[in-house]
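Engineer: everything below, folded, please.
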Amino acid sequence: MSKLEKYVDLAKSLKMVDAMLISPKDVFFDIRAILKCRWGCEDFFQNSMRCHTRDTTYQERVEMVKRYSDILLVHSHDARELSTAVLEIERRAFLDGYYFAFAIRTCNLCKSCAAEQGHPCPTPDKVRPCDQSFGIDVYKTARNLGLPCDVLQDQNGIQNRYGFVLLG
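Structural biologist: Purely as a prediction, here's the structure:
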């Protein structure tokens, strides 16, 4: 068992449906994900801090991810639980010496985003970039790993949400 398997176990203890260690080679990038991010998401027009790219280019973001040797892919049905879990895994990995550990997942920590209502964010240190803003094709990445990731046909469908924790 690799020393990183403990993060798979941690994810499951945090009520995640599944988690697996993957390689950066397993992550599919497509610049069209950014197209969907900028023109397919209402948060982008609100100048949301969770959509900010921090003046990095698409190529720089791809290169950032590819510099890691191991990535934890985390699967959940609940957006808030997923956001909380990937941040906790990032924190634990950092404390274990993986000082570049970094979560990629849209912030869903608050029930209602204070920043979107014109108030200061209560947790700016916990805001992480959205996978689409990084150009990650989550659908293709998950499907190629045998995980469910389909477009919902109605509001009663089960949502499969994914987050990434860049580790080593």
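Engineer: could you check how far stretch 65-80 is from the centre of its chain?
Structural biologist: How far stretch 65-80 lies from its chain's middle: 6 Å, per CA atoms, centre = their mean, to the nearest Å.
Engineer: and that stretch, C-alpha only, in CSV?
Structural biologist: C-alpha atoms of stretch 65-80 as CSV (Å, rounded to 0.1, in the frame of the first residue of the first chain):
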residue,chain,number,x,y,z
VAL,A,65,-1.3,20.2,-12.6
LYS,A,66,1.1,18.2,-14.6
ARG,A,67,4.0,19.0,-12.2
TYR,A,68,2.4,16.8,-9.6
SER,A,69,3.0,13.0,-9.5
ASP,A,70,-0.1,12.0,-7.7
ILE,A,71,-3.6,13.3,-7.6
LEU,A,72,-6.5,12.2,-5.4
LEU,A,73,-9.8,12.2,-7.3
VAL,A,74,-12.7,12.5,-4.9
HIS,A,75,-16.3,11.6,-5.7
SER,A,76,-19.4,12.8,-3.9
HIS,A,77,-23.1,13.4,-4.4
ASP,A,78,-23.1,16.5,-2.2
ALA,A,79,-21.3,19.8,-3.3
ARG,A,80,-20.8,21.2,0.2
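Engineer: average pLDDT for that stretch?
Structural biologist: Across stretch 65-80, pLDDT averages out at 96.
Engineer: again with stretch 159-168
Structural biologist: 96.
Engineer: buried set for that stretch?
Structural biologist: By neighbour count on 16 or more other CB atoms under 10 Å, the buried set for stretch 159-168 is N160, R161, Y162, G163, F164, V165, L166, L167. To be clear about C-beta, it is placed using only N, CA and C from the backbone, and glycine gets the same treatment.
Engineer: center of this protein, which residue is that?
Structural biologist: R105 (2.4 Å; CA atoms, centre = their mean).
Engineer: how close does that one sit to P124?
Structural biologist: 16 Å (CB to CB, to the nearest Å).
Engineer: which element is the closest residue in space to the residue nearest to the centre of the chain that isn't next to it in sequence on?
Structural biologist: Spatial nearest neighbour of R105, excluding adjacent residues (CB to CB, 6 or more residues apart in numbering): G163 at 3.5 Å. Assigned by DSSP states H and E, G163 belongs to strand 161-166.
Engineer: got it, and Q59?
Structural biologist: Counting by DSSP H and E, Q59 is part of helix 58-66.
Engineer: then L72?
Structural biologist: Going by DSSP H and E, L72 is part of strand 71-76.
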